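Trainee: what follows is a protein structure lacking sequence information:
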């Protein structure tokens, strides 16, 4: 049955009419990762990011028999070492009932295809360390873990401090 499902999947680019759907997928992904409290995005935020004058992200949606069942949200990046652009997948999500049917792979294939059409040298994404099924899926596709890299993130006050030229450690007495 999973192969039949994968063949019935259509991958399409999101339109502005999909903004609420995209946000609902983001919320479902956050719920799956026990990160729901971190979602502060609104429909207006998603609309601006995807379709505003300075669009910074794109989305492809997987439809199964005309019903949306998954999505991939991605942004542009650049590899200075390769001297080529790249794509970074921020979110990849397939409804629980449709996992294992090739839909996630179809979404990744579409983003990879877009990357090659755009001259990209790489496609990257992150997975939560505890999500072993996802990591196995990615390695089965030929993806490699970047164990020698550690991801850093600034948000909220830490981001604001840095933007203002302040050093959080020095302000708190730590050096």
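Mentor: Yep, that arrived. Everything numeric here is computed off the predicted structure, so don't read it as measured data.
Trainee: okay, CA-based contacts and neighbour counts for the rest of this
Mentor: Fine.
Trainee: element containing residue 129, please.
Mentor: Under DSSP states H and E, no helix or strand contains residue 129.
Trainee: check contacts around residue 85.
Mentor: 76-79, 119-122 (CA atoms under 8 Å, 6 or more residues apart in numbering).
Trainee: A strand includes it, no?
Mentor: Yes - assessed with DSSP: H, G, I helix; E, B strand; the rest coil, residue 85 lies in a strand.
Trainee: report pLDDT for it.
Mentor: For residue 85, the pLDDT comes out at 97.
Trainee: show me what the helix or strand containing residue 104 is packed against.
Mentor: Assigned by DSSP H and E, residue 104 belongs to helix 103-117. The helices and strands touching helix 103-117, judged by 3 or more CA pairs under 8 Å, 6 or more residues apart in numbering; DSSP states H and E, are strand 9-13, strand 58-64, strand 67-79, strand 84-94, strand 122-125.
Trainee: what mean pLDDT does the third one have?
Mentor: In this case it means strand 67-79. Mean pLDDT, strand 67-79: 97.
Trainee: same deal with the second one?
Mentor: Confidence over strand 58-64, taken as the mean pLDDT, stands at 98.
Trainee: for the first one, same thing?
Mentor: Model confidence over strand 9-13 averages 97 on the pLDDT scale.
Trainee: what do you get for the last one?
Mentor: When the per-residue pLDDT values of strand 122-125 are averaged, the result is 96.
Trainee: which residues sit against it?
Mentor: With CA under 8 Å, 6+ apart as the test, strand 122-125 has contacts from 79, 85-90, 112, 115.
Trainee: now it: buried residues?
Mentor: Within strand 122-125, the residues scored as buried using 16 or more other CA atoms under 10 Å are 122-124.
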